[in-house]
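With the sequence up front, the predicted model follows.
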Amino acid sequence: MKYFDNAATTPPYKEVIHTITEVMSAHYGNPSSLHRYGEDSARLLQKAREVCAEALGVHAGEIVFTSGATESNNIAVKGAALQWITRGKHLITTMTEHPSVFESFKQLERQGWEVTYLEVDAAGEVTEEQVAQAVRTDTVLVSVMHVNNETGCVQPVAEIGRMLKKKYPRVLFHVDGVQGFGKVPLYLKESGIDLYSLSAHKIRGPKGIGLLYVREDVSLFPLLTGGGQEGGLRPGTENIPYIVGMAKAVRMAKEAEKTVSERLKLLRATLMEGISRLPELKLNSVPEGAPHIVHFSYPGMKAEALLHMLEEEGFLVSTKSACSSRKAEPSRVLQAMGKLPDICLSGIRISLGDEHTESDIQDLIAALNKAVGRVRHLKGENLT
Ligand code: PLP
């Protein structure tokens, strides 16, 4: 089987698995304990924090370990809204955010906040001008993702962040960086970003662990209360094996960022070219998107049917994004891009990983070609 679903999750690096196993068996002390086992774990925790901070170009004290990006996004969005309630109750985000951001805003809206959901263009992009126009005197937070998880569209987050810092320095800026890290360079300190979410399992680390960068002079309302770990924002005994495993993945992904993204860019261009030659397939990703995601639709065809045909040929792909692919609803992201219902219901996402080669891409294009031929042949037999 060839795995082409890396935007859903990635195969962990062997070194990461090895590190986790070792830390789990040999360093099981609670980092809050005062004895030597506790101190040993506290040292590992601090080292992991420093490694992640260095990869992001921030200070170690600005890293909060969480259970993944869903939690990071919830802490950032709701924590900012609740903390700054006296400053105002207006928030800004986009129509194409991941559900962990989008639904956080929806929940706040139901609780009395006012949210501006920015429209995207046909490529899925928002502009710095749109954000500037939406800001009001009572705006407390703007949240825009770096790379869209369905289409790979790259948002101009550095431009948005710099504009906000210059014109509206009191407005906080959160970026969901999950699909961008290790693929599309972003310098947090130079981009006016106050809050940034990351997930380990999208960069060949373990599942169930992530981080939130919280700029040093930003305070958030803690959603959880407990023992005060992670600066009080994420209390609970720290998952040292996974935190250390994540730090390893973060470092490896950062070190490989340039070479991996250059290589994936070439593979993606070949794949997009191959797809555009298949007459009935419609590309939803734009050429300047992130180097690992290609999204297309086969109007008139159920996405699941095409997915299973590709699986029979030995290729694992995705319909929409993993977290919403079991829902038979049209993609909110594609709808926001103005795509017709037929396109929204027949979307397939192919997401590349650093293990892929040119010949994998050629084989995938051939399999797509075969599947399309089969569908055309079977159309009369009510397959679609
Ligand atoms: N944000 C984006 C853009 C994602 O793609 C994902 C995962 O699908 C998440 C957030 C949630 O990450 P996690 O699985 O770590 O909760």
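Looks like it arrived, so ask away.

Return the residues in contact with the residue of the stretch 151-300 of the chain found nearest the ligand.
Nearest to the ligand, among the residues of the stretch 151-300 of the chain, is Ser199, at 3.2 Å (CB to the nearest ligand atom). C-beta coordinates here come from the backbone N, C-alpha and C atoms, glycine included. Contacts for Ser199 (CB atoms under 8 Å, 6 or more residues apart in numbering) come out as 68-69, 72, 178, 209-210.

which of the residues you listed sit farthest apart?
Val178 and Ile209 (12.6 Å; CB to CB).

how far out from the middle of the chain is the helix or strand containing Ser41?
Following DSSP states H and E, the helix or strand that holds Ser41 is helix 36-56. Mean C-alpha position of helix 36-56 versus that of the full chain (CA atoms, centre = their mean, to the nearest Å) differs by 24 Å.

what do you get for stretch 265-274?
The chain centre lies 21 Å from the centre of stretch 265-274; the measure is CA atoms, centre = their mean.

Just the buried positions in that stretch, please.
By neighbour count on 16 or more other CB atoms under 10 Å, the buried set for stretch 265-274 is 265, 267-268, 271-272, 274.

Please apply the same query to stretch 86-95.
Across stretch 86-95, burial judged by 16+ other CB under 10 Å covers 88-95.

rewinding a little: partners of the residue of the stretch 151-300 of the chain closest to the ligand in the sheet?
Under the criterion DSSP bridges, Ser199 forms beta bridges with Gly210.

For it, give its distance to Val157.
From Ser199 across to Val157, the span is 17 Å (CB to CB, to the nearest Å).

Toward the C-terminus from the helix holding Ser41, list the very next helix or strand.
Remark: after helix 36-56, the chain's next helix or strand is strand 63-66, criterion DSSP H and E.

what's the following helix or strand after that following strand?
The element immediately downstream of strand 63-66 (helix or strand, assigned by DSSP H and E) is helix 69-83.

Distance from that next one to the middle of the chain?
Centre-to-centre, helix 69-83 and its host chain are 15 Å apart (CA atoms, centre = their mean).

Then stretch 291-300?
With CA atoms, centre = their mean, you get 17 Å for stretch 291-300.

What residues sit buried inside it?
If you call a residue buried by 16+ other CB under 10 Å, then stretch 291-300 has these buried ones: 291-299.

now do stretch 228-235
By neighbour count on 16+ other CB under 10 Å, the buried set for stretch 228-235 is 229-230, 233-234.

I'd like to know which of those is nearest to Arg49.
Of all those, Glu230 has the smallest distance to Arg49: 9.6 Å, by CB to CB.

surely that closest one meets Phe65?
Yes. Proximity of Glu230 to Phe65 meets the contact threshold set by CB atoms under 8 Å, at 5.8 Å.

check contacts around the closest residue to Thr225 other than its chain neighbours.
Distances taken as CB to CB, 6 or more residues apart in numbering place Pro235 nearest to Thr225, at 6.5 Å, with adjacent residues excluded. Applying CB under 8 Å, 6+ apart to Pro235 gives the contacts 222, 224-229.

Many thanks, have a good one.
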